[in-house]
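Student: structure for the following, please:
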Amino acid sequence: MLKKRGKKRMCGIAGIINFSGVTPDKSLLTKMTNIIEHRGPDGAGDYFSGGVAFGHRRLSIIDIAGGHQPMTTSDERVSISYNGEIYNFPELREELKSLGYIFNTSSDTEVILQAYHAWGPKSVERIRGMFAYAIHDKANNEIFIARDRLGIKPLFYAMLADNNFVFGSELKSLALHPNFNKSLRTESIEEYFALGYVPEPHTIYKNVMKLEPGHTLLINLNSGKIENNQYWDIDFNENYVGSFDDASHELDKRVEEAVKIRMRADVPLGAFLSGGVDSSAVVANMARNNEDPVNTCSIGFADPKFDEADYAQQIAEQYKTNHQSKVIDPNDYSLVDSLMDYYDEPYADSSALPTFRVCELARKKVTVALSGDGGDEHLGGYRRYKLHMFEEKMRGMFPDAIRNPLFGFLGNVYPKADWAPRVFRAKTTFQGLARSSVESYFHGVSIFKPEMRSLLFSQSMKSELQDYNTLEVFKKHAENAGTDDPLSLIQYLDIKTYLPGDILTKVDRASMAHSLEVRVPLLDHELVGWIATLPPSYKLKGSEGKYIFKKSLEGQLPHDILYRPKMGFGVPLASWFRNELKDKIKDSVLSEQMLDSGYFDPAYLERLIKDHQSGLRDYSASLWTLMMFRQFLSRHS
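Tutor: Predicted structure coming up:
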């Protein structure tokens, strides 16, 4: 028999570990758990044993009646608090049954628990899904904490000064501890203004970390030793053996299988449908494996530059889905002031606004939604990949001794022309050609370029940074990429930075704000690992990104869906900051909090606003980044 504490299971966890063995404060754990109630509104539970305390909030998805958490094995050796979904749990259950394990629920929680009982820390390598969980192993007096391979589910942790270790699904849980240190990490501020998010493993706080994707923590409660181990990484070995047609056929089958296993749920299930290739492929595969019409939803925009609603409707009609669509008011900026409440640290992807709205719309009909996130990173879909590969081709035509000074000179003297047609905007290209491959890619994805950050930060801030540059994050990952192929390298960089730090963070917070679970079949680690074995030319062929994916979908999706220009999921920031939010952006960026923080040069802040509002430059992304930082400061203080 299993011992079940609390009420239900999934989707938020929190915990306190006291290395002195003192029982943690129950009221504190309750507060840490309840503040993330939005992640699991269906119930709460807790677990106490010596100096260990786990809390849990549950969103009911599978085995609604039997998956209560935290959960403990009948011999009281192993206990778990878990957030996520395991898609191969039926197969693991059968394997464990053959070893003599008895199951009393049909939940995936019990499968993880018994798997750990059988195989210990190595059990995480057998799990296929999205997850973050903590296990108390009484027999070995250890705590084991794991995060999924791609970083779909979040996990924050901190060692506090009072010999307490705290962890949770969101930063706001940790911040409730009375000994939480709110000192900001200066390097994280630099990273945020470069990228628009704080990349793993750090947070905005000096003493708080994110558990990196594909990593585990093993905590010895006797010695206090904490081991951080990597159990998975993507391998761009390009060792696929077979023809393009064989690979295209296998890709189709693998995507279908990844979608199919994510359709297991005891609650209403649907999908986001933007009308792009990835979400349309997911819906097509759901329809192939579902007798009932698929529930789909999409967000439309009044501005045709952002609107894909007609394409979404086209797919909805083709697969006869139960489709709901909502057009967002172009002046729907009501979330601007509250967005930071969901992110807990500076976060500057403005597409968080429409993502919040589409999750809000989806939750009206379903509890689980499948999305197409991850396709661009793994299948070479971003436009910036094409530009980078063009630069790489040019880079290879010149020896470094000639390339660096030649294009460095041209980049300096060529005028900046944001207003001109793209073909005449050569300054950025020249500057990119003067840099190394990694440096050029980092520069291309930066919001505040290095020269802008030099002007943005005050002298005292620059002194504190001691020449630290976010480029170091990219260089470190590049050293571990294990590939010399230029496309595979930048894909690896995105998988380590942009994917978990921006895309998955956005979807997790927006969906959990509405108690909606989002599953991402294109980030199935077995699918991702197989795609990495394919030749880069299968992914990006000439100027066609996601080439093999599109070829595999011919016959399932219309040509104009597959081969139309890619559209972003954005909002009209440039217009807002010159019109409806003209005064708001000025008041925010030049607020007393920003000017008194000591981080910025006030004159440069004024210049950014003036140049944008006059139409001289488009600094909308930079101004949004500043506005979100100001929102963070107001909550932090």
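Student: now do the contacts for residue 13.
Tutor: In this structure, residue 13 makes contact with 54-57, 81-83, 132-134, 167-169, judged by Cβ atoms under 8 Å, 6 or more residues apart in numbering. Every C-beta, even on glycine, is put in place using the N, C-alpha and C of the backbone.
Student: just the element for it, please.
Tutor: Following DSSP states H and E, the helix or strand that holds residue 13 is strand 11-18.
Student: list every C-alpha atom in that strand, with coordinates, as CSV.
Tutor: In CSV, the C-alpha atoms belonging to strand 11-18 read as follows (Å, rounded to 0.1, in the frame of the first residue of the first chain):
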residue,chain,number,x,y,z
CYS,A,11,1.3,21.3,-10.8
GLY,A,12,3.3,23.2,-8.2
ILE,A,13,5.9,22.2,-5.6
ALA,A,14,7.8,23.8,-2.8
GLY,A,15,10.0,22.6,0.0
ILE,A,16,12.2,23.4,3.0
ILE,A,17,15.2,21.3,4.1
ASN,A,18,16.8,22.0,7.5
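Student: just give the nearest non-adjacent residue to residue 468, would you?
Tutor: Among residues not flanking residue 468 along the chain, residue 187 sits closest, at 5.2 Å (Cβ to Cβ, 6 or more residues apart in numbering).
Student: test my guess that that neighbour contacts residue 465.
Tutor: Yes - applying Cβ atoms under 8 Å, one finds residue 187 in contact with residue 465, separated by 6.9 Å.
Student: what about those two, which has more around it?
Tutor: residue 187 (19 against 15; other Cβ atoms under 10 Å).
Student: and stretch 133-149, end to end?
Tutor: Between the opening and closing residues of stretch 133-149 we find a distance of 13 Å, counting by Cα to Cα, to the nearest Å.
Student: can you pull out the helices in the stretch 451-600 of the chain?
Tutor: Ranges of helices in the stretch 451-600 of the chain, per DSSP state H, counting those that start in this stretch, are 459-465, 471-480, 486-496, 498, 504-512, 525-531, 536-539, 547-553, 559-562, 573-578, 582-589, 592-596.
Student: between the ones you listed, which gets nearest to residue 339?
Tutor: Between residue 339 and these, the shortest separation by Cβ to Cβ is 9.2 Å, and it involves helix 504-512.
Student: name the helices or strands packed onto the closest one?
Tutor: When contacts are defined as 3 or more Cβ pairs under 8 Å, 6 or more residues apart in numbering; DSSP states H and E, helix 504-512 sits against helix 352-362, strand 517-519.
Student: most tightly packed of those?
Tutor: strand 517-519 (a mean of 25; mean count of other Cβ atoms under 10 Å).
Student: pLDDT on that strand, on average?
Tutor: Model confidence over strand 517-519, given as mean pLDDT, is 95.
Student: ditto for stretch 90-107
Tutor: Predicted confidence along stretch 90-107 averages 93 (mean pLDDT).
Student: quick one, what contacts residue 530?
Tutor: Applying Cβ under 8 Å, 6+ apart, we find residue 530 in contact with 250, 254.
Student: report pLDDT for it.
Tutor: At residue 530 the predicted local confidence, pLDDT, stands at 97.
Student: same question, residue 482
Tutor: Looking at residue 482, its pLDDT stands at 93.
Student: where along the stretch 301-450 of the chain do the helices fall?
Tutor: Using DSSP H, counting those that start in this stretch, the helices assigned to the stretch 301-450 of the chain run over residues 309-318, 352-362, 375-379, 383-395, 400-413, 426-433, 437-445, 450-456.
Student: tell me which of those sits most buried.
Tutor: Highest mean neighbour count of those: helix 375-379, a mean of 25 (counted as mean count of other Cβ under 10 Å).
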